[in-house]
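Chemist: based on what follows, work out the 3D shape:
(one chain, ligands or ions: 1)
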Amino acid sequence: MAINREHVERVYTTYSAVYDKVWGRVFRESRDAVVRNLNLNPGERVLEVGVGTGLCLPLYPRSCEITGIDVSEGMLEKAHIRVKEQGLTNVTLLNMDAGDMSFPDSSFDVVIAAYVVTAVPDYRKLMSEMVRVSRPGGRLILLNHFTQNSRIIAAVEKAISPICARIGFRTDLSVDQVINGWPLVKERDQRVKPLGWWHVVECINAKEMVSGAPGHA
Ligand SMILES: C[S@@+](CC[C@H](N)C(=O)[O-])C[C@H]1O[C@@H](n2cnc3c(N)ncnc32)[C@H](O)[C@@H]1O
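Modeler: The predicted structure follows:
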């Protein structure tokens, strides 16, 4: 089943009422471990794509400028409430498609996608835009489930992917499939403890200063 933007909006807006209770818990430790260890410098401009209900937002240093985008109005409403309740004056939230962003090239020092690569309709558009809007030498961070090396598990993940797509994510993408072909230098690919089911992939943007978005090989 193909995921399109309307499907994503509908699914995640439906989820928004229960998302923090269900997925907030499942993802909490990995989200905490990754965001708290980004070692952000004061003043760095961070873009979080697919910000959802904003569970990561309180974890960023207040000295950084955070922009969060999402296509689901329901998820964004929850994020707005969190920002207000926690007085996160360093955060800006926008309804924007991560596959077609309106930011100028090289606007951010760090671009992070937490559990989003497998939830978007087209991961290539997402990657193209993440590369475009992050500055040369900037960091791209992907926190996600990716397929395993084991052939049997990978076959199961491929088989269940169309079913999972109906409920908002796919399970058949590998790290290489997502990052190869872009001007990215992979700095780390680590499984996040305790479950080890999620990977944190950190890349440096090695695009030419003068060129725009690269083509995907
Ligand atoms: C699994 S949730 C992750 C939310 C959040 N990052 C977290 O850590 O809880 C995936 C999010 O990606 C958003 N999303 C999916 N496709 C998108 C797109 N093309 N542009 C922006 N957001 C998108 C969904 O609306 C949803 O909020």
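Chemist: for residue 177, what are phi and psi?
Modeler: phi -60, psi -40 (degrees, to the nearest 10).
Chemist: for it, give its distance to the ligand.
Modeler: The gap separating residue 177 from the ligand is 18 Å, by Cβ to the nearest ligand atom, to the nearest Å. C-beta here means a position set from N, CA and C on the backbone, and glycine is covered the same way.
Chemist: can you give me the pLDDT of that residue?
Modeler: pLDDT recorded at residue 177 is 92.
Chemist: what sits closest to the most centrally placed residue in the chain if chain neighbours are left out?
Modeler: Centroid-nearest residue in the chain: residue 113, 1.4 Å away (criterion: Cα atoms, centre = their mean). Leaving aside its sequence neighbours, residue 113 sits nearest to residue 49 (Cβ to Cβ, 6 or more residues apart in numbering; 4.9 Å).
Chemist: give me the three-state assignment for the residue nearest to the centre of the chain.
Modeler: Judged by DSSP: H, G, I helix; E, B strand; the rest coil, the three-state class of residue 113 is strand.
Chemist: ok so, going back, number of nearby residues for the residue nearest to residue 113?
Modeler: Look at residue 49: counted by other Cβ atoms under 10 Å, it has 24 neighbours.
Chemist: pretty sure it sits against residue 115.
Modeler: No - with contact defined as Cβ atoms under 8 Å, residue 49 does not reach residue 115; the gap is 10.8 Å.
Chemist: isn't residue 197 up against residue 145?
Modeler: Yes - using Cβ under 8 Å, residue 197 makes contact with residue 145 at a distance of 6.1 Å.
Chemist: the two: which is more packed in?
Modeler: When residue 197 and residue 145 are compared for neighbours, residue 145 comes out ahead with 18 against 12, by other Cβ under 10 Å.
Chemist: how near is the more buried one to the ligand?
Modeler: Residue 145 is 10 Å from the ligand, by Cβ to the nearest ligand atom.
Chemist: distance of that residue from residue 30?
Modeler: For residue 145, the distance to residue 30 (Cβ to Cβ, to the nearest Å) stands at 10 Å.
Chemist: got it, and residue 52?
Modeler: Taking Cβ to Cβ, one finds residue 52 at 14 Å from residue 30.
Chemist: OK, contacts around residue 192?
Modeler: Residues in contact with residue 192 (Cβ atoms under 8 Å, 6 or more residues apart in numbering) are 29, 30, 33, 34, 143, 198, 199, 200.
Chemist: now intersect those with the helices, please.
Modeler: 29, 30, 33, 34 (DSSP state H).
Chemist: in CSV: those residues, plus pLDDT and neighbour count.
Modeler: Output for these, formatted as CSV (pLDDT from 0 to 100; neighbours: other Cβ atoms under 10 Å):
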residue, pLDDT, neighbour count
29, 82, 14
30, 85, 24
33, 85, 17
34, 90, 23
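Chemist: show me which of these is closest to residue 40.
Modeler: residue 34 (11.9 Å; Cβ to Cβ).
Chemist: where do the helices sit along this structure?
Modeler: So, for the chain - with DSSP H - the helices run 5-15, 19-36, 73-85, 123-133, 151-166, 175-179.
Chemist: list the buried ones in the shortest one?
Modeler: Within helix 175-179, the residues scored as buried using 16 or more other Cβ atoms under 10 Å are 175, 178, 179.
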